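Participant: Here's a sequence, model it:
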Amino acid sequence: MNYHQLWSLIRADLIRARGTLSDAAEKHEYIAQYQEFLDHNELELAGDRLEAYGENHGVCREFWLALRDAASKMELSDHVRRYEEYVADI
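Facilitator: Numbering: from 1, shown residues only. Okay, here's the model as predicted:
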């Protein structure tokens with residue numbers, strides 16, 4: 001798999017996580033930053049903004065699973081472990 005394909009899969013996971021949030025989340029600073037990072041292909045930073053939002057708002061299990069999948073593809077093992085802990089706590 002080439003980098004372009006991998007980035008597309010990671011973007012899809014991040015978009016899937018964002019898709020679990022309400023429309024009202026769009027107005028939040030973290031979500032605006034997420035979108036800016038995503039638009040500039042700064043995928044780890046985009047994920048970090050989603051994580052920050054999720055830590056401070058009630059999010060569903062699917063949100064954390066999508067972030068976990070993205071982090072796994074980016075080989076961010078500490079992130080994966082953290083997201084799995086969030087899933088276990090739900």
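Participant: For the spatially closest residue to residue 84 that is not a sequence neighbour, give me its contacts.
Facilitator: Leaving aside its sequence neighbours, residue 84 sits nearest to residue 68 (CB to CB, 6 or more residues apart in numbering; 6.1 Å). To be clear about C-beta, it is placed using only N, CA and C from the backbone, and glycine gets the same treatment. Residues counted as contacts of residue 68 (CB atoms under 8 Å, 6 or more residues apart in numbering) are 79-80, 83-84, 87.
Participant: run the last query once more with 7 Å
Facilitator: 80, 83-84 (CB atoms under 7 Å, 6 or more residues apart in numbering).
Participant: Determine the three-state secondary structure at residue 58.
Facilitator: Following DSSP: H, G, I helix; E, B strand; the rest coil, we place residue 58 in the coil state.
Participant: Go through the longest helix seen in the chain and flag the buried ones.
Facilitator: Using DSSP state H to define each element, the chain has its longest helix at helix 3-19. Across helix 3-19, burial judged by 16 or more other CB atoms under 10 Å covers 10, 13-14, 16-18.
Participant: With stretch 58-73 instead?
Facilitator: Neighbour-count burial for stretch 58-73 flags 59, 63-73 (criterion: 16+ other CB under 10 Å).
Participant: what's the answer for stretch 21-29, then?
Facilitator: Neighbour-count burial for stretch 21-29 [16+ other CB under 10 Å]: 21, 25, 28.
Participant: Let's have the residues you listed in CSV, adding pLDDT, distance to residue 44 and secondary structure.
Facilitator: Listed next are the buried residues of stretch 21-29 as CSV, based on pLDDT from 0 to 100; distance: CB to CB, whole Å; DSSP: H, G, I helix; E, B strand; the rest coil:
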residue, pLDDT, distance to residue 44, secondary structure
21, 97, 19, coil
25, 95, 20, helix
28, 96, 19, coil
